[in-house]
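Enquirer: Just a sequence and a predicted model for now, questions to come.
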Amino acid sequence: AQSVTQLDSQVPVFEEAPVELRCNYSSSVSVYLFWYVQYPNQGLQLLLKYLSGSTLVKGINGFEAEFNKSQTSFHLRKPSVHISDTAEYFCAVNGGSNYKLTFGKGTLLTVNP
Amino acid sequence: NAGVTQTPKFQVLKTGQSMTLQCAQDMNHNSMYWYRQDPGMGLRLIYYSASEGTTDKGEVPNGYNVSRLNKREFSLRLESAAPSQTSVYFCASSDDGGLYGYTFGSGTRLTVV
């Protein structure tokens, strides 16, 4: 079985500040990890993914995430956020063989001026 | 380049009514999925279809049925709607069993009164 825990349900930050959204996972097999972003009243858009190789993954809109196998974490970071980054962010894990992504409960990032 | 198209975008049903949510993808993906999104719950898998001709239950299948009509289309049916099925429903598709991520539709917001 696989599961995802997003440690913060809401993260408020000021514009141009750095942000980290935390994600921990559990899985009995090798994993593929994803971050999705959902802007208000829209579907989910893939932000970045870790499949193998370098543990630092860069995605769209200046976001990056680091895969840490020993800590079973995949935290999302951005050095300087913008108002337009206000959205809900979902971490997801795929255990490889079951055709199913398991999602965390989401973190609402609110960027204030 | 439409991707994943869901219809309708909004729907209000009375308790006990039935309806079918439609989903079509134009990316020649093998696998398709139905998720529901509820506040604070993240996305939960209802049903999925690993390939044309197969369907399987996900995490929350009760009260729903699905049909994989062909490779492009995957519909979700509510036979007798209940207020607990008020939610936002997302269809997604993927290739390679979702190992590289999903493409999501823009969602159907369903209210059951």
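Expert: Happy to help now that I have it. Residues are numbered from 1 along each chain as shown, chains lettered A, B, ... in the order given.
Enquirer: Report the beta-bridge partners for the closest residue to B:Tyr102 other than its chain neighbours.
Expert: Nearest residue to B:Tyr102, sequence neighbours excluded (CB to CB, 6 or more residues apart in numbering or on different chains): B:Ala92, at 4.0 Å. Heads up, the C-betas are built off the backbone N, CA and C, glycines and all. Taking DSSP bridges, one obtains B:Tyr33, B:Phe104 as the residues bridged to B:Ala92.
Enquirer: What is the neighbour count of B:Ala92?
Expert: 27 (other CB atoms under 10 Å in any protein chain shown).
Enquirer: Test my guess that it contacts B:His29.
Expert: No - counting by CB atoms under 8 Å, B:Ala92 stays clear of B:His29, with 9.1 Å between them.
Enquirer: related to what we said a few turns ago, contact partners for the residue nearest to B:Tyr102?
Expert: By CB atoms under 8 Å, 6 or more residues apart in numbering or on different chains, the contact list for B:Ala92 reads A:44, B:4, B:32-33, B:35, B:102-105.
Enquirer: Can you pull out the low-pLDDT segments for chain A?
Expert: Per-residue confidence for chain A (pLDDT under 70) gives these ranges: A:96-99.
Enquirer: Alongside chain B, which residues does it contribute?
Expert: Applying CB under 8 Å from any CB of the partner chain, we find that chain A lies next to chain B at A:9, A:32, A:34, A:36, A:42-46, A:49, A:51, A:90, A:94, A:96-97, A:99-106.
Enquirer: Flag every buried residue along stretch A:88-103.
Expert: Within stretch A:88-103, the residues scored as buried using 16 or more other CB atoms under 10 Å in any protein chain shown are A:88-95, A:98-103.
Enquirer: and it, how far apart are its ends?
Expert: Using CA to CA, to the nearest Å, one end of stretch A:88-103 lies 12 Å from the other.
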